[in-house]
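Asker: Quick one, fold the following:
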Amino acid sequence: MSFLIAASNACFLFLHARGDYLTAASGMRPIGFTFAFLTVAFPLAWGTYRIFGKGAPIPDVQALASGAALWLRGGALPSAASLEWTRVTRAIFVGEGGLAMVLLFSGLWKAPPQDTLDLAGAWSRTRPLLRRVFRDGPFLDTDEHKRLQALLTLLDESGTKLDTRALLQDDLAYAKRLAAAARTVLAAVRGPHGALENLRQTTNQPLLGDVRLLLGERDP
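Answerer: Numbers count the residues shown, from 1 in each chain. Prediction:
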């Protein structure tokens, strides 16, 4: 059960902190470190409270170690080791439950920042349309052409707006590069709808470089 709660806590924390990072990849390490710290800190805090606040005995490290060694060898646990591991498991369960409540309540009163999520959403919706313009697949119809222009405009505006956020420097630089690429591609696709077919044969390398960036085919 503790493992299920810990897995839920990882999902809660990721959803809660995702808006602080431009991409999921840039957020994995800091969110992972935060999760690892909180996962250890909450059970330790509960165990410390039980020992110093309620007079519970200090865990018997020798019994815990011997019990772990016996369990790994497939042997039966003696009563002393079983009792100590029961106490440890209970502390982990209570600590993980406390962390779950904190994450749930914090998610209620503090929604994740929407600006990074708006940019990520616009970026993901832009890719399939761009691929049909510059790569392969059926050409865009008139409504899809207008939608692509609107998405590129939103991507430009969202990326520029992130300058006011306290994000990682790499994420801020990435957002600026995405905004600049969106402006370049928007200028290219803003022409008449019938001219879109010509873009698939373009040899404009700066334009193609920005297209590759927006398609996620190269680093900024």
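
Asker: Now do the helix or strand containing residue 12, average pLDDT.
Answerer: Using DSSP states H and E, residue 12 maps to helix 2-17. In this model, helix 2-17 has an average pLDDT of 80.

Asker: In it, which residues are buried?
Answerer: In terms of neighbour count (16 or more other Cβ atoms under 10 Å), helix 2-17 has its buried residues at 2, 5, 6, 9, 10, 12, 13, 14, 16, 17. Using the backbone N, CA and C atoms, a C-beta is placed for each residue, glycine as well.

Asker: what's in contact with that helix?
Answerer: With contact meaning Cβ atoms under 8 Å, 6 or more residues apart in numbering, helix 2-17 is reached by 27, 30-31, 34-35, 38-39, 89, 92-93, 96-97, 99-100, 103-104, 106-107, 110, 112.

Asker: what's around residue 61, how many residues?
Answerer: 9 (other Cβ atoms under 10 Å).

Asker: and if you look at residue 137?
Answerer: Neighbourhood size, residue 137 [other Cβ under 10 Å]: 10.

Asker: the domain parsing of the protein - what is it?
Answerer: 2-109, 114-214 (automatic domain parsing).

Asker: now what about stretch 117-133, what contacts it?
Answerer: Outside stretch 117-133, the residues touching it (Cβ under 8 Å, 6+ apart) are 18-19, 22-23, 137-140, 144, 147-148, 151-152, 154-155, 158-159, 162, 175, 178, 182, 185, 189, 196, 199-200, 211, 214-216.

Asker: on that earlier part again, tell me, which of the domains of the chain is the model least confident about?
Answerer: Among the domains of the chain, domain 2-109 carries the lowest mean pLDDT (a mean of 79).
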